[in-house]
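Participant: sequence? don't have it. structure:
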């Protein structure tokens, strides 16, 4: 399937749509708000060592995402855009190395198609603007995998340095468990080739040592921040920073023995996640694996080795994720690029039958119907306009195809359908929280440039988010005793039922009261009702305190 020009056009279209979502001034994820707050503190305090939440030392994630985000804040100011930008660039770096990795095993058309599947996979689209560690990891892990493959073949110094750098960055982003994903494909490839002594060669010990050296800034930062064991947040016992980094946060979660535990794991959880996360290519993935297994004896040596490497990289970590009880849906994002390359190879080698084509059209039709129906339910003018615009673009694309192969129509319709779902999802969140989000409305009500401190009572996530929208000093307070220690003039944001309790004995000016949504986490149903204005809201008071 050598139709690289329309494939590249679809890639550009999808990336531009994806990038446009960064222009939203609102961060939609609860975890992202905490991470942004940590990076903001780092950027404004010039303290590049300590990770701090609400004035307390914080130990849950390594430093690199906060370093790079704080640098973005320093260069471009504190905003949702500058928070998302570094992770989005690493997402694009993942697309680049998806191309390089696919090109290493297969031909150029397959590589371009792999990039298209990468940039149009729903979970990757969504996570590229709802930044967690996995957005950074895609660029780092794929870069490490590519350069270690090249190093295995040629032992060039450039690949050694870049492989070690990307590996070190991955460890400083998520921890040493990233080594499993980076190394598993290469180890399985050695086993398939019967190269049993390969990992014992001195050059691979050098590679490991250099990778750990590249991760040394994280270890130095941990040592400087946590020279003594300390209790953090809700951890029951004091913990050593190194012990937490090397064991509790990694193997402790896997074995469910660390200070952070989850007992609700399910062995088939990630199978179910994969069904929606890899949309609209889930059926293609199933067909790809079936075809590879059925046709295994007829594959040439290069194709077999490529499948062994790519599938084992995907499968080994997938099995580990499924075995642990500590499961989050976004963990799977780092594995989807490897499946994207396999699916691209399948497309390049196999003719699409009418039955398969109609089945995919059924999925496309369902996604389009779902978006149109939900758009009609919400009755939001901006969402309706954009949905109609994407539909018009899809129509013009279809007109431009003419009499083209079935595969290209299959790919084009799939891309437009998932893009439509992504746009609707992004606009739905923006519409809901720009209107009813407490932090956004607080910034508008109290002023983004206010010199008066703002105190948020028993709503820490709101305080974290408000720091992104207001230049005022924002403080989160959990008790009336802590409020009594604050003197002078300040604004207090409090839920209405608590207002009378917390302002006894002080001079109060009630500025405004709004009906708003306090928590950002929730289901699709909540977002739909928020956007429509029917979700039950909480009464919030904005008070001016003189003590």
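Facilitator: Received, thanks. These numbers were taken from a predicted model, which means no experiment stands behind them.

Participant: host element of residue 352?
Facilitator: For residue 352, there is no enclosing helix or strand under DSSP states H and E.

Participant: where does the stretch 201-350 of the chain have low pLDDT?
Facilitator: In the predicted model, the stretch 201-350 of the chain carries pLDDT under 70 at residues 227-241, 248, 250-265.

Participant: how about the helices in it?
Facilitator: Secondary structure of the stretch 201-350 of the chain (DSSP state H, counting those that start in this stretch): helices at 202-214, 216-225, 241-243, 251-255, 269-277, 282-294, 301-323, 336-349.

Participant: what does stretch 35-55 rub up against?
Facilitator: With contacts defined as CB atoms under 8 Å, 6 or more residues apart in numbering, stretch 35-55 is touched by 27, 34, 57-59, 61, 63, 65-67, 69-74, 78, 83, 131-132, 221, 224-225, 460, 463-465, 467-468, 476. C-beta coordinates here come from the backbone N, C-alpha and C atoms, glycine included.

Participant: stretch 374-390 now?
Facilitator: Counting by CB under 8 Å, 6+ apart, 17, 371-372, 416, 419-420, 423-424, 427-428, 431, 528, 531-532 sit against stretch 374-390.

Participant: rewinding a little: adding mean neighbour count and distance to residue 169, write the helices of the stretch 201-350 of the chain out as CSV.
Facilitator: Formatted as CSV, these follow (neighbours: other CB atoms under 10 Å; distance: least, CB to CB, whole Å):
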stretch, mean neighbour count, distance to residue 169
helix 202-214, 15, 7
helix 216-225, 16, 10
helix 241-243, 16, 19
helix 251-255, 17, 21
helix 269-277, 16, 24
helix 282-294, 17, 28
helix 301-323, 18, 18
helix 336-349, 26, 17
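
Participant: looking at those helices, spot the one closest to residue 502.
Facilitator: Comparison of these against residue 502 by CB to CB identifies helix 216-225 as nearest, at 33.2 Å.

Participant: okay, the angle between whichever helix in the chain runs longest and helix 336-349?
Facilitator: Secondary structure of the chain per DSSP state H: the longest helix is helix 406-436. Interaxial angle of helix 406-436 relative to helix 336-349 (axes from the mean of the first three to the mean of the last three CA atoms, to 10 degrees): 150 degrees.

Participant: looking at it, residue 7 is touching residue 411, isn't it?
Facilitator: Yes: Residue 7 lies in contact with residue 411 (CB atoms under 8 Å); the separation is 7.3 Å.

Participant: touching both of those two, which residues are there?
Facilitator: With CB under 8 Å, 6+ apart as the test, residue 7 and residue 411 both reach 113, 116.

Participant: returning to what we had before: I'd like to know which elements the longest helix of the chain is packed against.
Facilitator: helix 4-20, helix 108-119, helix 122-127, helix 354-378, helix 381-401, helix 524-532 (3 or more CB pairs under 8 Å, 6 or more residues apart in numbering; DSSP states H and E).

Participant: right, and those helices - which one's nearest residue 194?
Facilitator: helix 108-119 (27.3 Å).

Participant: so, low pLDDT: which residues of this structure?
Facilitator: 1-2, 30, 227-241, 248, 250-265, 399-404, 505, 521-522.

Participant: give me the most central residue, it.
Facilitator: residue 127 (3.4 Å; CA atoms, centre = their mean).
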